[in-house]
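Chemist: Okay, sequence plus prediction incoming.
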Amino acid sequence: MAALISASPAALAMARDYPLDRNPAAVYLSSLSRTGRATMRSSLDIAAELLTRGRVRNALMLDWPALRFQHVAALRAKLIERYSPATVNKLLAAVRGVMKAAWLLGYIDAETYQHVKSVKGVAGHALLAGRALKPAEIDALIRACAADASPAGARDGALIVLLRAGGLRRAEICALKVSDFDGVNKTLVVRGKGNKQRELPANANIVAALEDWLLARGAAVGPLFCPVNKSGRVNVRQRLTPQSIYNALAKRAQQARLKHLSPHDFRRTFVSDLLDAGADISTVQKLAGHASVTTTQKYDRRGEAAKRKAVELLNVPYIRRASAGNQPTSN
C-alpha cells in the first residue's frame, strides 16, 4: 500500500492488464449515455495525460486504483491553470466517477475513495457560452433551405424549424423515428438524456416543416431524419448523425452569409425566447428536457434588456425633490 500511496507519474502509467469489464474507466464510461460517454472519455484522457506528465494519453491505460488524494489535488491545481471553472469541475467529476467504479470493483477501500472524492470543485463563473440567434438569422437560414429544391433543402428546413421551435439537442433529433411524429395530434415523442422520454407539442410551423420533409423523404418506417446524397437520394435506413446536423447547419449558414453559429445556439434561443414571452421556468425546463431548473437558467441569453424589462415592472411611488425651476412631481 505504501508504494501505491507514493505512486509516481511513471507508476500511474504502468496500468495492469484489466479486461474491459474490470477496467474502472471503461466501467464508468459504460454507465453514461452515448453523448455523455464521448464528453467524459475526452475529459479522462486529459486527466490521464496530466497525471502522468504526458506518458499516458489514453484513459483506459491509466492505473486508476493507484490514484490517491495527492494526485487528484495536484491534478486540480493543474486544471485551474488551464481551464474554466466549468471544465475543471467536469474533469474532476469524471475522475470521481472512475474512482467510484474502482471502489465498487474492489480495487480500493472506502476510505481511499472518500479521500479522493473530498477534492472539491472550483467556484466561479465563466462568460456564458454561445449566443441567442436573431429572427433575421433564422429567416435567412430558412430562405437558404427553401432555395434548395432537393430533398436536402426540405430536410434542412425541417431541422432548423425543429431546432428553433422545439429546442431539441442534436442527439435527440438523430434518435427520432417517423412513428414519433403525430401530425394529427401535433405532438413529437423525444428521447432525451438518460433515456427519458418527453412529449413535445408541435406548433404549426413544426408540423408544416415535418410534413414537407416527409413528403420528400417518403413515409417508410425508420429514422425521421436521414442522409441525402448528392443526387438527391434519401437513405431511409440510415440515421442522420450529430456531426451531419452540424455540417448541414454550417452549409446553410454559409449560404445565408451568416457568422458562425452552433446547433446548441438554437436551443439557447429557444429557452431565452420562451422565458422572454412569459413562460414559467418550470414549464421551459420540461420542454427543454432539463433535469433541473438550474440547468435551464444557464441557457438564458436574454441579457441586459430582459433585466431592464423586469425592473420596469416595478412601479415604486416617488416624489421628486423641489429644485430651482423644478416643481415637485409624483411618479
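Modeler: That came through, no problem. Quick caveat, the model's predicted, so the values are computed rather than measured.
Chemist: what residue ranges in this protein are flagged as low confidence?
Modeler: 1-11, 13-16, 124-130, 298-320, 323-331 (pLDDT under 70).
Chemist: Mind doing that once more with 50?
Modeler: 1-6, 127 (pLDDT under 50).
Chemist: The longest helix belonging to it: which residues count as buried?
Modeler: Counting by DSSP state H, the longest helix found in the chain is helix 85-104. Using 16 or more other CB atoms under 10 Å as the test for burial, helix 85-104 gives 88-92, 94-103. Any C-beta I mention is one placed from the backbone N, CA and C, and that applies to glycine too.
Chemist: Now flag whichever of the residues you listed is closest to Lys196.
Modeler: Among these, Gly97 lies closest to Lys196 (CB to CB), at 19.7 Å.
Chemist: Which helix or strand contains the residue nearest to that closest one when sequence neighbours are not counted?
Modeler: Distances taken as CB to CB, 6 or more residues apart in numbering place Tyr28 nearest to Gly97, at 4.6 Å, with adjacent residues excluded. Assigned by DSSP states H and E, Tyr28 belongs to helix 24-30.
Chemist: Show me what the helix or strand following that helix is packed against.
Modeler: In the C-terminal direction, the helix or strand that comes right after helix 24-30 (DSSP H and E) is helix 34-51. Here helix 34-51 touches helix 24-30, helix 69-82, helix 85-104, going by 3 or more CB pairs under 8 Å, 6 or more residues apart in numbering; DSSP states H and E.
Chemist: Could you rerun that using 10 Å?
Modeler: The elements that helix 34-51 packs onto, with contact taken as 3 or more CB pairs under 10 Å, 6 or more residues apart in numbering; DSSP states H and E, are helix 9-13, helix 24-30, helix 69-82, helix 85-104, helix 170-175, helix 242-255.
Chemist: what about the ones you listed, which gets the closest to Ala140?
Modeler: With CB to CB as the measure, helix 242-255 is the member of the helices and strands packed on helix 34-51 nearest Ala140 (8.5 Å).
Chemist: Past that closest one, which element shows up next along the chain?
Modeler: Note on helix 242-255: by DSSP H and E, the next helix or strand toward the C-terminus is helix 263-276.
Chemist: what's the angle from that following helix to helix 242-255?
Modeler: In terms of direction (axes from the mean of the first three to the mean of the last three CA atoms, to 10 degrees), helix 263-276 departs from helix 242-255 by 80 degrees.
Chemist: Buried ones in helix 263-276, by neighbour count?
Modeler: So for helix 263-276, counting by 16+ other CB under 10 Å, buried means 263-275.
Chemist: Stretch 39-56 too?
Modeler: Buried residues in stretch 39-56 (16+ other CB under 10 Å): 40-41, 43-52, 56.
Chemist: what two of these are the furthest from one another?
Modeler: Spatially, the most separated pair among these is Met40 and Thr52, at 18.4 Å (CB to CB).
Chemist: Give me the residues contacting the helix holding Tyr28.
Modeler: Helix 24-30 is contacted from outside by 15, 18-21, 23, 36-38, 40-41, 44-45, 47-48, 58-65, 67, 94-105, 107-108, using CB atoms under 10 Å, 6 or more residues apart in numbering.
Chemist: Output it in PDB with nothing but the alpha carbons.
Modeler: C-alpha atoms of helix 24-30 as PDB (Å, rounded to 0.1, in the frame of the first residue of the first chain):
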ATOM      1  CA  PRO A  24     -12.600   1.200 -13.800                       C
ATOM      2  CA  ALA A  25     -12.500   3.800 -16.600                       C
ATOM      3  CA  ALA A  26     -14.400   1.500 -19.000                       C
ATOM      4  CA  VAL A  27     -16.900   0.500 -16.400                       C
ATOM      5  CA  TYR A  28     -17.600   4.200 -15.500                       C
ATOM      6  CA  LEU A  29     -17.900   5.200 -19.200                       C
ATOM      7  CA  SER A  30     -20.300   2.400 -19.900                       C
END
